Structures are given as C-alpha cells and as structure tokens.
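Chemist: have a look at this prediction, sequence included:
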Amino acid sequence: MYVVKATLLNALLAYAPGIYLRFFRRGSSRRPVRRLSGESTSAAMQAGEPPRVLVVDSDFPDPTRDAGSKAIFHFVKLLVDEGVRLTFWSASRTPSSRGRARLAELGVESVARQRDCDFPRWLESIEGLKPFDAIVLSRPLVAAIYGWDASLLGSRRCLYYGHDIHYLRLRAMRRVVGGLGVAFEAACMARIERNIWRRQGVVLYPSEEEVSVVNACRKACGLSPNAALLPLWSAPDAPAATPEPAGRRGMLFVGSHAHAPNVDGLDWLFADVLPRARAHGCRDTVYVVGSGMERYGPPVADPAVEVLGWLDEEALEALYARVRVALVPLRYGGGVKGKVLEAMAQGVPCVVTTVAMQGLSAAAPALEPTDGATEFSDMLVSLTADDGRWSRKSSMGLAYMHGTHGRAIVRRRVLELVLGR
C-alpha cells in the first residue's frame, strides 16, 4: 500500500501538481498567504538584526541516520554558528525526536507538520513577524510540495538543496536491477526535478557534474544558469597527529539500510568480493554500520563479519580510529557519497567503485575506482597489507578534504549563497 501511495504522489507531482495542491493537501489553509515585501527584509538587515532563515525538509535532521540528514544538519549548524536565527520546519507527521533534540541543542526553533496545521497555515500564523531573509527547501518532493507556498513569503532568496539528482540515481538503479516500476519512478522524478530547477531562484548541489546538468536543463528552456556548488559538509579540524597504519585492523562499511544502493553494494561485496580477498589471506573483520543495518543479513556466511547497526557519532569516530580501510562497493547511486568524504576526513583510505567516486574526480589519486570483483578485492588486500600505500592514500585524502571542504571554505560558500554576502 505504501508503494502504491508513493507512486501516486510522484505521478501527481510530476504530471498534475495543481491537482495535488488543490485536493490532496488536507489540513492546509485554503486562502493565500499575504506576500511580504522585500523592503522590510532589507530594512531589518540594515537595522542590525540577525538574519532569519527557514529550512524546510522531510524530517528533523539526525546526523546518524543518513548522509542527507548529516549534510543538512551541518548546513544548519554552520548558519547558527554565524549568528543566523534559524527555523526548521519538518514535513513529517511523526518527526524524529532525536533530530528535534539535536536542533534544540543548537538553539534552532523546530516546527513539525500537524494534521490540522500544514505549511500555508503555519506561514499565516507568523506573517506579522520579521520575514525570512532566505528559505531553503531540501529534497525534491519537499520542494515540489512546498516550494509554491514558500514563494508566497516574498523572501529575498529562495533556494533548493538537492543533495543528489534523484532521477539519475534511479536510472542507474534500473540498469543494475531492472524493473518497470523503477523506470516509471525515474520518469516521474525527472519531471519533478526539472520543474524545481526551472522554478527556484538558486539550486544547490555538491558536485560540479550535477551543477552542469541543472544549468544545461535551464539553458535548453531559455533560462539563465542558477545552479551553484555547495560542498556536502565541512571537514573537521586536521588531526593533531598523522594517522598511522600500525595497529589498525578491520574494514568498515557505513550506510543506511533504507537506501537501496547500500544493500545492493553489500550483497555484491559479500557474495563476489570478500571470498576473493579471503583466498588471498585477508582475515580482517568487516564491520557494517548504519541506521537500520541491524536488519541486514549477508548472503554468504563469514565468521569475520560484524553487523553493528546504528552507532552514535562518538562510537563511529572511535571505530574509524581503529579500522584499516573503508569499503564503498556501490554499483549504482547518485551524487557525492558522504561516506567517502567522512572516511577521508578521518584519514582512513577508501576502496571505491566508479559510482562511489561520483563528483569526486578531483580526489584522485587518493581514490582509485575499481569496478570488478577481482580488482576491488586486490585493492582492499593491498591496503590491508601495504603500510606505505596506506599512508600515502591517507595523507592524500586528508589533503583533499582540508583543501576543498575546509570549514572556512564551506562557511564562505554558505554565507555567499544563502545570505548573499
């Protein structure tokens, strides 16, 4: 039933968004929200008041749940650290309590969708307050549903944060796993995302490749470019000491069970790659970490596999500090992979496929993609056995992260794009 409802929603948003907005937004206000003038925003900023930003997403961000949540949480934290007065609106009727608590720690006002108070009505309730200086819509379905309402605020800036181009990921998924349902979902999502790109003032993606796709689409429609690069998140401060390979054992996979490419990649790893590595003497334990991963069962039995499931940030960081290699065996997907950035920022070399390296071509030679099971196995065996190669990969990964995802770099980019500074 859930799949049928999701398919219907996607089809309506793709081909008849007006029908959805008119008949399926139960609990929404029927009268339009008063448009706020841009002059009042400028006057407030000139008066020295802190900038006010609204972020709209599918749920409150729990950085331990998935890469998208981690990215939006870091985005929010960076704005708060810069003195921005931030409000986060969740479209979920059962929002994450852990995500809400994390926002409260930052001093962020959190508002959740309720059955009798949808987005337009909530906007009406605050229309007498200082208008938002910027509105950020996160993820395609959220932008497709709420982008029209957000524009009624007359905000000085309205932005869309796409995370990745979903229809390209779905097309890649169909090439690997097949299915007419996947093809139909990809067609719907392509129409939804292209509509968003044409409508929103600023479109943000974490890779130059995605930015180029958006701007090419707008050019074909006779529109000027509006897509810009925003790194997925900033790297932590450089470690006090250079990571050393001595004493490190184990291989780590991080990813949410709810994300289909992760499960597919793990199945391929355990069925085709790991037996080859074991045959070449690699006895390192494979740790599987991520939200919901406690439900995952490897297709091939291996005594040196530990499925740990969800870990908090402190426990995950401790695990990174003792493992030898991060594994990212994805066969399809889209956008920059947060798990790759996270491992490099921790100084842990990655074994990646071409898909896992999407949007990170500048990270070569810290990353060397290998797509065949034999090649992937050979790479992980080499990194578990060769200390010199391990150290070179670790150093190159750290240099890339601090050169392209350093806090000052990302901070400057966020302030420029969100607040126009």
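Modeler: In hand now; what should we look at?
Chemist: and the pLDDT at Phe73?
Modeler: Phe73 carries a pLDDT score of 96 in this model.
Chemist: Phe132 now?
Modeler: The predicted structure scores Phe132 at 87 on the pLDDT scale.
Chemist: now swap in the one 10 residues further on and tell me
Modeler: At Val142, the predicted lDDT confidence score is 91.
Chemist: all strands of the stretch 251-400 of the chain, in order?
Modeler: When assigned using DSSP state E, counting those that start in this stretch, the strands of the stretch 251-400 of the chain occupy the ranges 251-254, 286-289, 305-309, 325-328, 350-352.
Chemist: buried sites along the longest one?
Modeler: Read that as strand 305-309. Buried residues in strand 305-309, counted by 16 or more other CB atoms under 10 Å: 305, 307-308. To be clear about C-beta, it is placed using only N, CA and C from the backbone, and glycine gets the same treatment.
Chemist: ok, stretch 377-389 next?
Modeler: For stretch 377-389, a neighbour-count test (16+ other CB under 10 Å) marks 377-384 as buried.
Chemist: now, which of those lie within helices?
Modeler: When DSSP state H is applied, those are split such that 377-384 fall in helices.
Chemist: what's the first helix or strand after the lowest-mean-pLDDT helix or strand in the chain?
Modeler: Ranked by mean pLDDT, DSSP states H and E, the helix or strand of the chain with the weakest confidence is helix 38-46, at a mean of 41. Per DSSP states H and E, helix 38-46 leads on to strand 52-57 as the next helix or strand towards the C-terminus.
Chemist: after that following strand, which helix or strand is next?
Modeler: Tracing the chain C-terminally past strand 52-57 and defining elements by DSSP H and E, one meets helix 67-81 next.
Chemist: how about the ones in helices among the buried residues of stretch 377-389 in TSV, adding pLDDT and distance to Ala227?
Modeler: Shown next, in TSV, are those (pLDDT from 0 to 100; distance: CB to CB, whole Å):
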residue	pLDDT	distance to Ala227
Ser377	97	38
Asp378	97	38
Met379	97	34
Leu380	96	36
Val381	97	40
Ser382	96	38
Leu383	97	36
Thr384	96	40
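Chemist: and of those, the nearest to Glu294?
Modeler: Of all those, Glu294 sits closest to Leu380, with 23.8 Å by CB to CB.
Chemist: which residue is nearest the centroid of the chain?
Modeler: The central residue of the chain, meaning the one whose C-alpha is nearest the mean C-alpha position (CA atoms, centre = their mean), is Gly68 at 2.6 Å.
Chemist: the residue nearest to that one when sequence neighbours are not counted sits in which helix or strand?
Modeler: When the adjacent residues along the chain are set aside, Gly68 lies closest to His163, with 4.9 Å between them (CB to CB, 6 or more residues apart in numbering). With elements taken from DSSP H and E, nothing contains His163; it lies in neither a helix nor a strand.
Chemist: so where is this protein shaky, pLDDT-wise?
Modeler: Along the chain, the parts satisfying pLDDT under 70 run over 1-5, 20-47, 115-117, 127-129, 149-156, 238-241.
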